[in-house]
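Participant: Okay, sequence plus prediction incoming.
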Amino acid sequence: MRLKARQRSHRVTLHPTYGDYANQILSQRQALAKEERAEQRAIEKEKRKPPTEGQAKAEGFATRMAEAERILTPLESVQNISTANAGERTLDALPFGNYLTSSDYQSYKQAAENWVRANLRRESGAVIGEEEMAREITTYFPQPGDSPQVIEQKRKARRIAAEAVAKSAKPGFELPEVEDKPMLSDDGWSIREIK
């Protein structure tokens, strides 16, 4: 019995020390950093791969949509030019009406049609008929009588559609940002390129 009592008295219980906790935290951080580096290498490797045919087409369509938006946004926000302008639409509907419409309206209409073609070609790949074009213009662009809330909804719908196309592109591809208003210059306003 004396021997057992002596053995019990010599037992030592080890408690973790600050150094043990610090080493545990350090090893967790190192493991996390290693995972992050592996993920970053995988992303970089994916970026170096040539795009597939579908990714290349999606990048082209997304770029066209972003370029169209770069033209549309300043005209909508500064000049208040859009397909909702009833006077311009009436003139445009006349025979030889394009001669009567303003150059800003012509630019807006061209950019809107380019945006729609890029979106629809990605979806179907087919030729876009006049009826389908008109329906898409009504869906995504301001029309006479649209409230400001609906016009904003349509702008957001365009952005969401463009982002969906961009997601189909090569990893790492991002749509360029489009400012709501261009920088004003001494002579009134100007459009500046956004990179």
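Facilitator: Received, thanks.
Participant: what's near enough to touch Pro51?
Facilitator: When the contact criterion is C-beta atoms under 8 Å, 6 or more residues apart in numbering, the partners of Pro51 are 59, 169-170. The way it works is simple: take the backbone N, C-alpha and C, and place the C-beta from them, glycine included.
Participant: Excluding chain neighbours, what is closest to Asp92?
Facilitator: Take Asp92 and drop its neighbours on the chain: the residue closest to it by C-beta to C-beta, 6 or more residues apart in numbering is Thr101, 5.2 Å away.
Participant: where are the low-confidence patches of the protein?
Facilitator: 1-16, 78-79, 83-84, 123-126, 178-195 (pLDDT under 70).
Participant: and Ile151, helix, strand or coil?
Facilitator: Assigned by DSSP: H, G, I helix; E, B strand; the rest coil, the conformation of Ile151 is helix.
Participant: now the residue nearest to Ala157 when sequence neighbours are not counted: how far from Glu35?
Facilitator: What sits nearest to Ala157 in space, not counting adjacent residues and going by C-beta to C-beta, 6+ apart, is Tyr140, at 5.8 Å. As judged by C-beta to C-beta, to the nearest Å, Tyr140 and Glu35 stand 41 Å apart.
Participant: Looking only at neighbour counts, state which of those two leads.
Facilitator: With neighbours defined as other C-beta atoms under 10 Å, Tyr140 and Glu35 compare such that Tyr140 has more, 18 against 10.
Participant: Could you verify my assumption that the more buried one touches Val116?
Facilitator: Yes - using C-beta atoms under 8 Å, Tyr140 makes contact with Val116 at a distance of 6.9 Å.
Participant: what's the distance between the residue nearest in space to the middle of the chain and Ala31?
Facilitator: Centroid-nearest residue in the chain: Glu163, 3.7 Å away (criterion: C-alpha atoms, centre = their mean). With distances taken as C-beta to C-beta, Glu163 is found 34 Å from Ala31.
Participant: and the residue nearest to Ala58 when sequence neighbours are not counted, what does it touch?
Facilitator: Nearest non-adjacent residue to Ala58, counting by C-beta to C-beta, 6+ apart: Ser168, 3.7 Å away. Neighbour list for Ser168: 54-55, 58, 62, 122 [criterion: C-beta under 8 Å, 6+ apart].
Participant: Those residues in helices, which ones?
Facilitator: Members of the contacts of Ser168 lying in helices (criterion: DSSP state H): 54-55, 58, 62, 122.
Participant: quick one: which of the residues you listed has the most company?
Facilitator: Ala62 (26 neighbours).
Participant: Verify the stated contact: it with Ala162.
Facilitator: Yes - the pair Ala62 / Ala162 is scored as a contact, 6.1 Å apart, by C-beta under 8 Å.
Participant: Show me the common contact partners of the two, please.
Facilitator: Common contacts of Ala62 and Ala162, defined by C-beta under 8 Å, 6+ apart, comprise Leu175.
Participant: for the strand or helix carrying Met133, packing partners?
Facilitator: Using DSSP states H and E, Met133 sits in helix 130-140. Packing partners of helix 130-140 (3 or more C-beta pairs under 8 Å, 6 or more residues apart in numbering; DSSP states H and E): helix 103-124, helix 148-167.
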